[in-house]
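Undergrad: Here's my sequence, what's the structure:
(chains A and B)
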Amino acid sequence: MSATIDWLTSSAQWSGPDGIPARVYQHVGYSAVAVSVATLIALPVGLTVGHRRRGAFATSALANASRALPTLGLVILVFRLAPLSIWPVIAALVVIAVPPILLNAEAGIRAVHTDAREAARAMGMTGSQALWRVELPIAMPVILAGLRSAAGQVIATATIAAYVGLGGLGRFLIDGYAARDVGEITGGAIVIAVLAITVEGAFALLQRRLGRDRSAPSSLFLPTPQPKESQP
Amino acid sequence: MNWGWLRHNIDTVLAALREHVQISFAALVLAVVVAVPLAVCAHRWRHAWPPILIVTQLLYTIPSLAMFVLLIDIFGLGERPVIIALAIYALVILTRNTVEGLRSVPPDVVDAALAMGYRSTARLLRVELRLALPVIIAGLRVATVSTISLVSVGALIGSGGLGQLFIQGFQIDNPIEVWTGILLTILLALVADLLIVGLGRLFTPWARAVT
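TA: Prediction:
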């Protein structure tokens, strides 16, 4: 315990390229890039599939497969492609972020009540107008929940990716473990936990701000009343 | 690809698979044993649920590797911190689904059980928990698959399981070993999932489709 406090309060940890601020910056940077790219890929697909109300089986298969994929193995496999570059590992983070964003977008849009969809049509909206003006706002809490879940998984996997040499906060755990430095391991783990909880909290606030329905499921594994066929 | 490796090291692979199953099973049993009573309490005393939800959600947010190393301080090296950490993640999912399941039991049914003379414990065990079973099983499926996938991260802190194949495959640059680990993990998750679906159908004959 005291070793951890010493490590966390030592001034060496709070400056320079190996300090906590620099590592937090790296970690958030990798994660933000991965989640942004994944959003650009997954959101259009999820919205389209949900809007057309097809492919429920394919998306539930994707949900199961993505949950079973061991991230450490994936990271090690992609690392071999180009050991000197961080991009294969970032691509692996994108792969991990795509399923929760896609699945929640799909489930959220699919769960929009038929009354709302028919009202939009009765008002003369085209399919894409109904999607953007009616279905998307209603599905927003569920879509944000997907982003939140993706961010959490990416932050966790970026930590693991330190094993194959990625920077970021995982370095403290991997290097500390190699050096048997209890203070560094525990201190690093505390910083990572605080970062993850902060990001989760930020998304929760955003969800409250943008979402109308506060009782919306905060993650995919909660049983929601409407989209029965798309639940894992 | 060095296919010969697989033929000569089948024992290593099977031993890793066995450890993987043992660790996952221990974590899940621990999670069920804690989650169901916790959920029953949260269902009985409604004001206990929000704080339980907040604490478990916070724990769920902590990344796996960070959770493992934080638990080394308490439980030492090896399998124990991994089992405890995975049990914590699984119990978050299970507690939520059990509470949701108990809440989904129609009040009429509970009243009918009361009228038939069921006392509270018997009502809970023979009516409420049984009717909540489909939702609990849905949670158990998610918890099982993610537990099996996360066991391999434990290899980074020296725990056994298929993650050892990742570490060794990385160190001696042997992709076939990493592929073996990945495919066996996914296969194991699939088999466990099917097993739970099958058991679920057996115990919930009235609900044909367990989603």
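
Undergrad: show me the contacts for B:Ala39.
TA: When contacts are counted by C-beta atoms under 8 Å, 6 or more residues apart in numbering or on different chains, B:Ala39 touches B:94-96, B:98-99, B:102. The C-beta positions use only the backbone N, C-alpha and C, and glycine is treated the same way.

Undergrad: Please compute how far the helix or strand hosting it lies from its chain's middle.
TA: Counting by DSSP states H and E, the element that carries B:Ala39 is helix B:10-44. Centre-to-centre, helix B:10-44 and its host chain are 5 Å apart (C-alpha atoms, centre = their mean, to the nearest Å).

Undergrad: quick one: the helices in chain B?
TA: With helices called from DSSP state H, chain B shows them at B:3-8, B:10-44, B:49-61, B:64-75, B:79-103, B:107-115, B:120-123, B:129-150, B:163-171, B:175-203.

Undergrad: And chain A, by the same measure?
TA: In chain A, the helices defined using DSSP H lie at A:2-9, A:20-52, A:56-68, A:71-81, A:87-110, A:114-122, A:127-130, A:136-160, A:170-178, A:182-210.

Undergrad: re earlier: which of the contacts of B:Ala39 come close to chain A?
TA: Among these, the residues within reach of chain A (C-beta under 8 Å from any C-beta of the partner chain) are B:Arg96.

Undergrad: ok, of the contacts of B:Ala39, which one's closest to chain A?
TA: Nearest to chain A among those is B:Arg96, at 6.5 Å by C-beta to the nearest C-beta.

Undergrad: To what extent is the closest one buried, counted in neighbours?
TA: 27 (other C-beta atoms under 10 Å in any protein chain shown).

Undergrad: that older thread, pipe the helices of chain B into JSON lines and attach mean pLDDT and distance to A:Arg53 per row.
TA: Shown next, in JSON lines, are those (pLDDT from 0 to 100; distance: least, C-beta to C-beta, whole Å):
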{"stretch": "helix B:3-8", "mean pLDDT": "84", "distance to A:Arg53": "44"}
{"stretch": "helix B:10-44", "mean pLDDT": "95", "distance to A:Arg53": "34"}
{"stretch": "helix B:49-61", "mean pLDDT": "92", "distance to A:Arg53": "31"}
{"stretch": "helix B:64-75", "mean pLDDT": "92", "distance to A:Arg53": "35"}
{"stretch": "helix B:79-103", "mean pLDDT": "95", "distance to A:Arg53": "25"}
{"stretch": "helix B:107-115", "mean pLDDT": "90", "distance to A:Arg53": "33"}
{"stretch": "helix B:120-123", "mean pLDDT": "86", "distance to A:Arg53": "40"}
{"stretch": "helix B:129-150", "mean pLDDT": "93", "distance to A:Arg53": "22"}
{"stretch": "helix B:163-171", "mean pLDDT": "94", "distance to A:Arg53": "39"}
{"stretch": "helix B:175-203", "mean pLDDT": "93", "distance to A:Arg53": "25"}
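
Undergrad: nearest to A:Met140, of those?
TA: Among the helices of chain B, the nearest to A:Met140 by C-beta to C-beta is helix B:49-61 (20.4 Å).

Undergrad: what's the angle between the closest one and helix B:10-44?
TA: Here the directions of helix B:49-61 and helix B:10-44 differ by 160 degrees (axes from the mean of the first three to the mean of the last three C-alpha atoms, to 10 degrees).

Undergrad: now helix B:49-61, how far from the chain's geometric center?
TA: 17 Å.

Undergrad: For that helix, buried residues please.
TA: B:49, B:52-53, B:56-57, B:59-61 (16 or more other C-beta atoms under 10 Å in any protein chain shown).

Undergrad: quick check, nearest of those to chain A?
TA: B:Thr61 (4.6 Å).

Undergrad: Surely the closest one touches A:Thr198?
TA: No - look at B:Thr61 against A:Thr198 with C-beta atoms under 8 Å: they stay out of range, at 9.5 Å.

Undergrad: okay, and the helix or strand of chain A with the least pLDDT?
TA: One helix or strand of chain A scores below all others by mean pLDDT, DSSP states H and E: helix A:56-68, with a mean of 82.

Undergrad: can you tell if it touches chain B?
TA: Yes - Helix A:56-68 comes into contact with chain B (C-beta under 8 Å from any C-beta), by way of A:64-65, A:67-68.

Undergrad: Tell me the one of these nearest chain B?
TA: A:Ala68 (3.7 Å).

Undergrad: and that closest one, how many neighbours?
TA: Residues near A:Ala68, counting by other C-beta under 10 Å: 21.

Undergrad: what sits against the residue lying closest to it once chain neighbours are set aside?
TA: Excluding the flanking residues, the one nearest A:Ala68 by C-beta to C-beta, 6 or more residues apart in numbering or on different chains is B:Ala189, at 3.7 Å. By C-beta under 8 Å, 6+ apart, B:Ala189 lies in contact with A:64, A:67-68, B:144-145, B:148-149.

Undergrad: I'm done for today, thanks for sticking with me.
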